[in-house]
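Peer 1: just the structure for this:
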Amino acid sequence: MTQRATTRDYVRQSAVLTLAIAYPLSNFLPQVLGFGREVGENSPGEMQLLVPFEAAFSIWGLIFLGTLAAALVQALPSRRTMDVHRRTGWWWALAMALSCCWSIAESLSPDQWRSWTTALIFTPYVIAICVAMARFSWKAVRANWPERLCSAAIGLFAGWTSVAVFINWERIFTNELGLLTVELTALALLAASLGWVCWNLWRSAGNPFYAATAIWGLGFLAYDRLVTDDYSLPIAIAALVGIGLILLALWGGRKRRRELRV
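Peer 2: Numbering: from 1, shown residues only. Predicted coordinates:
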């Protein structure tokens, strides 16, 4: 691959940096416009057993700061032609662009379309950031600290959204389709989310930051199902078992990482 900077390199760097600023700001669109739903606001009568304790969402502050720092790193002239940024930058930019679209749909789409619209945006959004995370994790095995910082930041972003996307789909299966009971729906989607997280841990050679935000969300989920009015012992137990499975998958991924260093 050429080491000479191309127009695509400049556009990629600019897109990542611009979107790293834009995607957190898109969450405040209702406040700016003076109308629309706040992001994450439930409709009356909605019941979602996969929504964790409210404090769990504070992780977004760290994710926003992390992705901004990583975007500044990749924007440096010394990073312009690096293979790892060329292979991940567009996926990362796509994820942040779709995050902006998700926030707009969450805030402004009609109530009857909101669940489907946001879920159909969120799904490719998560796939894109997980592709970037897995590619960056492999490349960062022998990388210097700036690329390790980028790998950590993208891992945090991908880990949290890998769980959150299933919360979005729970809204559809519970409130729109009603195929199973609320609890069975939550258990099925929780199992699917654990499969997705564990698979990505294997693909990424055990990115610990990806695992950390997934565990963070499951820990607050278990707490919420045990202490609030939406009590559900099966969901709490499943979340705790899920943490164990993620730690096991992390161990397996880290073992692969050590083999790469040999």
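
Peer 1: secondary structure element for the nearest residue to residue 208 once chain neighbours are set aside, which one?
Peer 2: Nearest non-adjacent residue to residue 208, counting by CB to CB, 6 or more residues apart in numbering: residue 250, 6.5 Å away. (Each C-beta comes from the backbone N, C-alpha and C, glycine too.) Residue 250 belongs to helix 233-261 when assigned by DSSP states H and E.

Peer 1: helices and strands around that helix, which ones?
Peer 2: helix 182-203, helix 208-227 (3 or more CB pairs under 8 Å, 6 or more residues apart in numbering; DSSP states H and E).

Peer 1: what is the burial count for residue 190?
Peer 2: Using other CB atoms under 10 Å, the number of residues around residue 190 comes to 24.

Peer 1: relative to residue 126, how far out is it?
Peer 2: 16 Å (CB to CB, to the nearest Å).

Peer 1: now residue 120
Peer 2: Counting by CB to CB, the gap from residue 120 to residue 126 is 12 Å.

Peer 1: same check, this time on residue 85
Peer 2: Counting by CB to CB - residue 85 and residue 126 are separated by 21 Å.

Peer 1: same check, this time on residue 192
Peer 2: Residue 192 is 12 Å from residue 126, by CB to CB.

Peer 1: which one's more surrounded, those two?
Peer 2: Using other CB under 10 Å as the criterion, residue 192 and residue 126 rank with residue 126 on top: 25 against 13.

Peer 1: mind listing what the more buried one touches?
Peer 2: Shown in contact with residue 126 (CB atoms under 8 Å, 6 or more residues apart in numbering): 95, 158, 161-162, 165.

Peer 1: let's have these in JSON lines, adding pLDDT, neighbour count and secondary structure.
Peer 2: Shown next, in JSON lines, are the contacts of residue 126 (pLDDT from 0 to 100; neighbours: other CB atoms under 10 Å; DSSP: H, G, I helix; E, B strand; the rest coil):
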{"residue": "95", "pLDDT": "97", "neighbour count": "26", "secondary structure": "helix"}
{"residue": "158", "pLDDT": "97", "neighbour count": "31", "secondary structure": "helix"}
{"residue": "161", "pLDDT": "97", "neighbour count": "24", "secondary structure": "helix"}
{"residue": "162", "pLDDT": "97", "neighbour count": "25", "secondary structure": "helix"}
{"residue": "165", "pLDDT": "96", "neighbour count": "25", "secondary structure": "helix"}
